[in-house]
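Visitor: Let me see the structure of the following:
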Amino acid sequence: MYTFNANLRVGDIILIRGAAKYSKLIAKVTNGHFSHAMIALENDIFLEAITGSGVQITSMLRVSFKDKTNVVVLRCNFPNEKTRLSSLEYITRNFPIYQGRKYSYKGAVESIISSRADHTNGGYFCSHLVAAIYTDSGFPLINKPVYKVTPNELLTSEFVEDITEQVISPYSDIALQRIQNKGEKLNCIDAGGSTASQDAKNHNKLLKVTAKYFTRYGLKAPQRCGDFPEILTNGSNSHFAKKLDYQIIKKYKEIGINQYVLGEKFEADFELNWATIQSEMDQYGYDYANDLYGSYNYMLITSIVKLLNARRQLSYFESFYNEWKFKYFLLKVEYHTSIIKHLSEIMDYYLDILNNVEAALPNYFDDFQETKKLIVTHVISKQVDPEQKTELIKFIKDLL
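Guide: Below you'll find the model as predicted:
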């Protein structure tokens, strides 16, 4: 069984062969092996368009593979450094404008027939999303309309190379045994697993159940919840904005979006206790301890990036609420506060494990510090947005 390693970078394209019957059908009618596509963002998350959730953020923790032949990872070969930075910065800065948009069933079907018209209606299907983001960044991958691009056609782009061997690694026997001992199973996408996020489903449901309110006021129903702030604060809508705000928050609360996030677990290993880790270290020795120390440092640093992003979102909605007083903004303040709370607890857990490893093997303290330095340097080097990189470096210096 396989998963991604730390070599994955922003903009990498992942093609997958799913296990469902419709996945096999998609692969067959598009003359290839793969049925799904998604794009890597920074720090172990992906952006993908899936049925049931639309365009959503997916954690690497929800993506594993039973058979290595059912996944391929492509990386773009840009003509120069300026184009590379421009395209990847666009992806890093602008992926939220795609997040939350609806899945286009009609677009997915018509991508494989002769129709030349675009019937995606503001939504996306998987390979369409990947092709669209790169085209919008100024670097189109294939010379055809993005709404006609199928997963297997991404393989034919003259601008990509196969880097699967660099970014896919097998699970260790220790990790597999740990998962078995916890009574859990790997979420293998090519063996019936799903990346569908309940949080994304909840927000997609909010779009569906509030659509009638927008159309009632003569507005086009938004494609993503990220459009709500602009609609509510638009001066042209001021005569009904408060009522619309009330209708949105009523459905928001009925769906239980904040309640779900409050109880959500964000990391698979969050409850792995120190006694288990210490037992594994005693059994497998220093090399295992050093690898584990590196892994927890990597998860700590990537969690910091998620925390900084959540804080940024919290700041936006606090400002929106202070200026406009819409209660929807207050609910989003509560939402991001819950995420920050979870991430802070997870980071405290990682720090405790790292400190315990250092204390358990004091003779190797200098080795551990070198491992930490390599991991931190590696994660920082993967950051594309200069402002985010600077913010991350400052936070790490203050923390470590």
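Visitor: per-domain residue ranges of this protein.
Guide: Here the domain parsing of the chain from automatic domain parsing is 2-170, 173-399.
Visitor: Quick check: which ranges of this structure have low pLDDT?
Guide: Within the chain, the set of residues satisfying pLDDT under 70 comprises 21-22, 114-115, 265-271.
Visitor: all helices of it, in order?
Guide: Counting by DSSP state H, the chain has helices at residues 21-29, 81-94, 105-110, 126-136, 164-167, 173-181, 198-216, 228-233, 241-255, 257-263, 274-324, 327-360, 365-382, 386-399.
Visitor: quick one: contacts for the residue nearest to residue 8 when sequence neighbours are not counted?
Guide: Nearest residue to residue 8 in three dimensions, chain neighbours excluded: residue 167, at 4.7 Å (Cβ to Cβ, 6 or more residues apart in numbering). In this view, the C-beta of every residue, glycine as well, is placed from N, C-alpha and C. Counting by Cβ atoms under 8 Å, 6 or more residues apart in numbering, residue 167 touches 4-5, 7-8, 12, 73.
Visitor: Filter those down to the buried ones.
Guide: Neighbour counting with 16 or more other Cβ atoms under 10 Å marks 4, 7-8, 12, 73 as buried within the contacts of residue 167.
Visitor: number of nearby residues for residue 152?
Guide: 19 (other Cβ atoms under 10 Å).
Visitor: Verify the stated contact: it with residue 27.
Guide: Yes. Using Cβ atoms under 8 Å, residue 152 is in contact with residue 27, at 7.3 Å.
Visitor: need the contact list for the closest residue in space to residue 120 that isn't next to it in sequence.
Guide: The shortest distance from residue 120 to any non-neighbouring residue, by Cβ to Cβ, 6+ apart, is to residue 107 (3.5 Å). Counting by Cβ under 8 Å, 6+ apart, residue 107 makes contact with 118-121, 123-125, 128, 147.
Visitor: at 6 Å what do you get?
Guide: Applying Cβ atoms under 6 Å, 6 or more residues apart in numbering to residue 107 gives the contacts 119-120, 125, 147.
Visitor: ranking those by neighbours, who comes first?
Guide: So for the contacts of residue 107 (other Cβ under 10 Å), the most neighbours sit at residue 125, 28 neighbours.
Visitor: Look up the closest residue to that residue, ignoring the ones flanking it.
Guide: That would be residue 108: by Cβ to Cβ, 6+ apart, it lies 3.7 Å from residue 125.
Visitor: what about the one you found, distance to residue 126?
Guide: Distance of residue 108 to residue 126, given as Cβ to Cβ, to the nearest Å: 8 Å.
Visitor: Pick out whichever of those two has more residues nearby.
Guide: Neighbours per residue (other Cβ under 10 Å) separate residue 108 from residue 126, with residue 126 holding more: 28 against 23.
Visitor: from what I can see that one touches residue 51, true?
Guide: No. Counting by Cβ atoms under 6 Å, residue 51 is not a contact partner of residue 126; they are 9.5 Å apart.
Visitor: shared neighbours of those two, which are they?
Guide: With Cβ under 6 Å, 6+ apart as the test, residue 126 and residue 51 reach no residue in common.
Visitor: returning to that earlier point: which among the helices of the chain is found nearest to residue 56?
Guide: helix 198-216 (3.6 Å; Cβ to Cβ).
Visitor: List the buried residues of the closest one.
Guide: Across helix 198-216, burial judged by 16+ other Cβ under 10 Å covers 199-207, 209-210, 213-214.
Visitor: Make a markdown table from those residues and add distance to residue 357 to it.
Guide: Output for these, formatted as a markdown table (distance: Cβ to Cβ, whole Å):
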| residue | distance to residue 357 |
| --- | --- |
| 199 | 32 |
| 200 | 35 |
| 201 | 38 |
| 202 | 37 |
| 203 | 38 |
| 204 | 41 |
| 205 | 43 |
| 206 | 43 |
| 207 | 45 |
| 209 | 48 |
| 210 | 48 |
| 213 | 53 |
| 214 | 53 |
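Visitor: Nearest to residue 261 among the residues you listed?
Guide: Nearest member of those to residue 261, counting by Cβ to Cβ, is residue 199, at 6.3 Å.
Visitor: distance of that closest one from residue 218?
Guide: Relative to residue 218, residue 199 is positioned 30 Å away (Cβ to Cβ).
Visitor: what's the answer for residue 52, then?
Guide: For residue 52, the distance to residue 218 - Cβ to Cβ - is 30 Å.
Visitor: What of residue 203?
Guide: To residue 218, residue 203 is 24 Å away according to Cβ to Cβ.
Visitor: Which one, of the helices of the chain, ends up nearest to residue 37?
Guide: So among these, helix 126-136 is nearest, using Cβ to Cβ, at 4.3 Å.
Visitor: which residues touch the closest one?
Guide: Counting by Cβ under 6 Å, 6+ apart, 13, 36-37, 39, 49, 91, 141, 146-147, 149-151, 154 sit against helix 126-136.
Visitor: In strands, which of those fall?
Guide: Of the contacts of helix 126-136, the ones assigned to strands by DSSP state E are 13, 36-37, 39, 49.
Visitor: and those residues, which two are the farthest apart?
Guide: The most widely separated members of the ones in strands among the contacts of helix 126-136, counting by Cβ to Cβ, are 13 and 49 (13.3 Å).
Visitor: which neighbours do those two share?
Guide: With Cβ under 6 Å, 6+ apart as the test, residue 13 and residue 49 reach no residue in common.
Visitor: What distance do you get for the spatially closest residue to residue 375 that is not a sequence neighbour to residue 322?
Guide: Take residue 375 and drop its neighbours on the chain: the residue closest to it by Cβ to Cβ, 6+ apart is residue 297, 4.3 Å away. With distances taken as Cβ to Cβ, residue 297 is found 37 Å from residue 322.
Visitor: Neighbour count for the two, which is higher?
Guide: residue 297 (25 against 10).
Visitor: Does that one touch residue 372 like I think?
Guide: Yes. Counting by Cβ under 6 Å, residue 297 touches residue 372, with 5.1 Å between them.
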